[in-house]
Structure formats: structure tokens, C-alpha cells
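# quick one, what's the 3D model for this:
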Amino acid sequence: MKKTYDNEMKLEFLSKSSNESFARIAVAAFASQLDPTIEELSDIKTAVSEIVTNCIIHAYDSPDEIIKIISKIQDNSIIIEISDTGKGIEDIELAKKPLYTSKAELERSGMGFTIVENFMDELKIESIVELGTKVTMKKIIRDNTYNDELDDDNT
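Predicted coordinates for the structure are as follows:
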């Protein structure tokens, strides 16, 4: 049985660095229907930016390849899948280590997956060498009603 979601968005774009900001804004706009806080929205934008940048830098040698994003809203969460059909990751655990980069000559910091792990509630990385990589992230948008009530009581 196919899992149903409250809403879903699919996006495809070329692996050009100029499309990184487009991707992060598009996903943030889609996530806005959950009424996230500024911090939650910033976390989502940063995570999308990191993973899309990884696709552009590490997956492909050409800016003419495709990056795909599928974003799904379910209850109070956004699930974001970002995939490429590039080189793949040989050792996912190594790639997740802080400061590791496969492109040291480009002065990469090697902190992308570490940042995403800290900003998102869930992170799953699937990769097959020479077939590509899919990163699935989940962010739970907290119910801010209680905090709003506290703010009202303090005025």
C-alpha cells in the first residue's frame, strides 16, 4: 500500500551552483505551510543547501546533470529527499566524519553531513558507486502554541 502524505512537491534542476539558492528557497517556501519558526526554517534551508552543494561538488563533473528533490509534508514534519545519479559515495561512514572531504583541492570544509545531522531530526544516506546517492532528511516542526501562550501571559 502506498503511503500517503498531506502534500508533496517534486523539483528537478541542473547541477549548477547558481541553483543551490533556488533549491533552498523552494523547499523553504514549501515547508512554510507548517508554520515553522525562523530557526526551524533556517535549519531546513541550511540542510538543503549542504546536500545540494554536495551533489554539485562531489556527484558530478558537469553542470548539465540533474538533481532531484522530493519534499513531503506529513502531520507536523517535512521529509526531504535529494538525489543525484552521479559518482556515489564509496564509504558513507567516512563521508559523514567531520572534516572529511573528497575534494580537498577545492578547500572544502568537510562539514556538510555533520551540519545536516545537527540541524535535522533524521538523516539517511543511501548510495551506490557509479549510480548515485539519495539523502533523506526529516524535520519535525514543533507545535509553538504553548510558547505563544507563554508569551501572551508575560505581556
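
# rest of the way, CA atoms for contacts and neighbours
OK.

# grab the nearest non-local neighbour of the residue nearest the centre of the chain.
For the chain, residue 48 is the residue whose C-alpha lies nearest the centre (Cα atoms, centre = their mean; 3.2 Å). Spatial nearest neighbour of residue 48, chain neighbours left out: residue 24 (5.5 Å); criterion: Cα to Cα, 6 or more residues apart in numbering.

# report the contact partners of the nearest residue to residue 62 once chain neighbours are set aside.
With sequence-adjacent residues excluded and distances taken as Cα to Cα, 6+ apart, residue 62 is closest to residue 15, at 7.5 Å. Contacts for residue 15 (Cα atoms under 8 Å, 6 or more residues apart in numbering) come out as 55-56, 60, 62-67.

# I'd like the residues you listed laid out as CSV, including neighbour count and pLDDT.
Formatted as CSV, the contacts of residue 15 follow (neighbours: other Cα atoms under 10 Å; pLDDT from 0 to 100):
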residue, neighbour count, pLDDT
55, 29, 94
56, 24, 93
60, 20, 93
62, 13, 91
63, 12, 92
64, 11, 94
65, 17, 97
66, 18, 98
67, 23, 98
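
# export those residues to JSON lines and tack on secondary structure?
Output for these, formatted as JSON lines (DSSP: H, G, I helix; E, B strand; the rest coil):
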{"residue": "55", "secondary structure": "helix"}
{"residue": "56", "secondary structure": "helix"}
{"residue": "60", "secondary structure": "coil"}
{"residue": "62", "secondary structure": "coil"}
{"residue": "63", "secondary structure": "coil"}
{"residue": "64", "secondary structure": "coil"}
{"residue": "65", "secondary structure": "coil"}
{"residue": "66", "secondary structure": "strand"}
{"residue": "67", "secondary structure": "strand"}
